[in-house]
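[1] Here is my input, please return the structure:
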Amino acid sequence: MLDNLYPESVEESGKFLRLTLQSISKHELPYNPITYAVWYEYATGRNEQLIQHIQTLEKDKVDVSFEIVLTLFRTFIADSQMLLTEKKAREFQTILGQMTEQLGNSGSKLDDRGNTLKKYARKLDQTTSLEAVSIIAKNIVSETEAVVASGQTLKKQMDATTSEIDTLKKELEGIKQAAKTDMLTGLLNRRGLDETLSNALENSLDNNKPFSIILADIDHFKKVNDSHGHLIGDNVLKMLAKLLKEHIKGKDIAARFGGEEFIMVLPDTPLKGAYVLAEQIRMSLRNMKWTSKSSGKSIDAITISLGVAQYKTGEPVKSMIQRADNALYFAKGNGRNKTVTELDIQEA
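    From the prediction side, this is the model:
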């Protein structure tokens, strides 16, 4: 007889139960077997008289109170009260099974709550007494509130943990970036340079494009330090770093190679283009006016010598750096304040 009255599957029952819960919540009604019975019957669409009556109430915007629901129950459902009580037990068990499965995935702190709900589900499955179902329903509501509180606590803990992880991640990124940065100039240091050169080499090989480097060294830097002090020397280093960053663009990278020596990595740039850029930087620095803030006296022009080389397919990166260094050394030995390419050395 039950199967004839309630032929839906577990999946359909779950769907009807969700609609039932939505209706109860919408009208702010108490969660008890009476309200479950009325709204479940409404959700299934079987009871035409009940459906018409509820639709009329909603159309007239009547506030559906529990007293009205009780009247609906007595009018349209009372004859099937015992059957519905048993049906409610089955519904509870379906929804609780879903809840306990979710709770089991939420961590050990919620396991006890899930086990308690399972116990109530078994009791519901074994009783057809409306009074007993009412008592068990109250216990379920109480336990569900505890579950919600536990879930909120768990969420707060997870949010806090996520926040801590994000903070730690940012700190680690900061440490990682600091490890690759020269603290005086803000440019990449040798460690950061190695990574940049590796990426430039990979890009060159993958896209069959050239890339070049420029080595730059400040002329007579020791004299600057000895004559004006290390503070002025540091300012010269920082100013040159600023100048390099102003001249490079796109994928280009500038780094402090060591001491007063700098390097620029120029992806997608052939030797000729690198030479033009090197000359622009050299001329810009030569034309700058320098004054000591402490004494107000002018400082002699600061110049640099530069060496340029282009990567050759298949060679180690250090070979290209060595050619650029050889060109730089040639510039230093032939008057300074000039740019020399690897081709100039071959022709000399």
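[2] Could you pull up the contacting residues of the nearest residue to residue 186 once chain neighbours are set aside?
    By the measure of Cβ to Cβ, 6 or more residues apart in numbering, the closest residue to residue 186 outside its immediate chain neighbours is residue 241, 6.4 Å from it. C-beta here means a position set from N, CA and C on the backbone, and glycine is covered the same way. Residues near residue 241 by Cβ atoms under 8 Å, 6 or more residues apart in numbering: 185-187, 254, 256, 262.
[3] and if we set it to 10 Å?
    182, 184-187, 254-256, 262 (Cβ atoms under 10 Å, 6 or more residues apart in numbering).
[4] Check residue 286 too.
    By Cβ under 10 Å, 6+ apart, the residues touching residue 286 are 219, 301-304, 337.
[5] Which pLDDT value does the model give residue 313?
    According to the prediction, residue 313 has pLDDT 87.
[6] Now it: which helix or strand?
    For residue 313, there is no enclosing helix or strand under DSSP states H and E.
[7] Now do the same contact list for residue 332.
    Taking Cβ under 10 Å, 6+ apart, one finds 217, 219, 305, 307, 338, 340 in contact with residue 332.
[8] could you redo the last one with a cut-off of 6 Å?
    Applying Cβ atoms under 6 Å, 6 or more residues apart in numbering to residue 332 gives the contacts residue 305.
[9] what number of residues lie near residue 285?
    By other Cβ atoms under 10 Å, 22 other residues sit near residue 285.
[10] now it: how far from residue 252?
    Using Cβ to Cβ, to the nearest Å, residue 285 is found at 17 Å from residue 252.
[11] Name the nearest residue to residue 205, ignoring sequence neighbours.
    residue 313 (7.6 Å).
[12] low-scoring stretches of the protein, by residue?
    Across the chain, residues meeting the criterion (pLDDT under 70) sit at 1-11, 77-176, 294, 347-348.
[13] just the helices in it please.
    2-5, 10-26, 33-44, 48-59, 66-76, 81-104, 111-125, 130-179, 190-207, 221-228, 230-247, 271-286, 317-333, 342-347 (DSSP state H).
[14] The second one relative to helix 48-59, how many degrees between them?
    With axes from the mean of the first three to the mean of the last three Cα atoms, to 10 degrees as the criterion, the two stretches helix 10-26 and helix 48-59 enclose an angle of 30 degrees.
[15] For residue 244, the count of nearby residues, please.
    Neighbours around residue 244, by other Cβ under 10 Å: 26.
[16] what residues are up against it?
    residue 254.
[17] Go again with 10 Å.
    Taking Cβ under 10 Å, 6+ apart as the test, what residue 244 contacts is 185, 187, 214, 216, 252-256, 262-264, 277, 281, 284-285, 304.
[18] before we move on, what about residue 346?
    Per Cβ under 10 Å, 6+ apart, neighbours of residue 346: 323, 327.
[19] still on that earlier bit, got TSV for the contacts of residue 286, with neighbour count and distance to residue 23 too?
    TSV is the format used below for those (neighbours: other Cβ atoms under 10 Å; distance: Cβ to Cβ, whole Å):
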residue	neighbour count	distance to residue 23
219	20	85
301	13	86
302	19	81
303	16	84
304	27	80
337	18	86
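[20] List the ones among the residues you listed that fall in strands.
    In strands, judged by DSSP state E, the following of these are found: residue 304.
[21] Report the two members of the contacts of residue 286 separated by the largest distance.
    Greatest spatial distance in the contacts of residue 286: 301 and 304, 10.8 Å, computed using Cβ to Cβ.
[22] Counting neighbours, which of the contacts of residue 241 comes out on top?
    Neighbour max across these (other Cβ under 10 Å) = residue 254, 28 neighbours.
[23] Wait, that residue touches residue 261, no?
    No. With contact defined as Cβ atoms under 10 Å, residue 254 and residue 261 do not form a contacting pair (11.9 Å).
[24] Now for these two: what residues contact both?
    By Cβ under 10 Å, 6+ apart, the residues touching both residue 254 and residue 261 are residue 216.
[25] hang on, the earlier thing: what residues are shared contacts of residue 301 and residue 304?
    In contact with both residue 301 and residue 304: 219, 285-286, 337, using Cβ under 10 Å, 6+ apart.
[26] nearest to residue 32, of the residues you listed?
    residue 285 (85.0 Å).
[27] who's in contact with the closest one?
    Residues near residue 285 by Cβ under 10 Å, 6+ apart: 216, 218-219, 236, 239-240, 243-244, 247, 301-304, 337.
[28] I'd assumed residue 201 was in contact with residue 320.
    Yes. Counting by Cβ under 10 Å, residue 320 does reach residue 201; the two are 9.2 Å apart.
[29] Please enumerate the shared neighbours of those two.
    Joint contacts of residue 320 and residue 201 (Cβ under 10 Å, 6+ apart) are 211, 311.
[30] any chance of the contacts of residue 286 in TSV, plus distance to residue 55?
    Formatted as TSV, these follow (distance: Cβ to Cβ, whole Å):
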residue	distance to residue 55
219	92
301	92
302	88
303	91
304	87
337	93
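[31] out of the contacts of residue 286, who's nearest residue 292?
    For the contacts of residue 286, the nearest to residue 292 is residue 302 (12.7 Å; Cβ to Cβ).
[32] The closest one and residue 286, how far apart?
    8 Å.
[33] before we move on, what about residue 199?
    The gap separating residue 199 from residue 286 is 32 Å, by Cβ to Cβ.
[34] Can I get the contacts of residue 285 in TSV including distance to residue 329?
    Listed next are those as TSV, based on distance: Cβ to Cβ, whole Å:
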residue	distance to residue 329
216	13
218	14
219	13
236	21
239	24
240	19
243	22
244	20
247	23
301	22
302	20
303	16
304	14
337	14
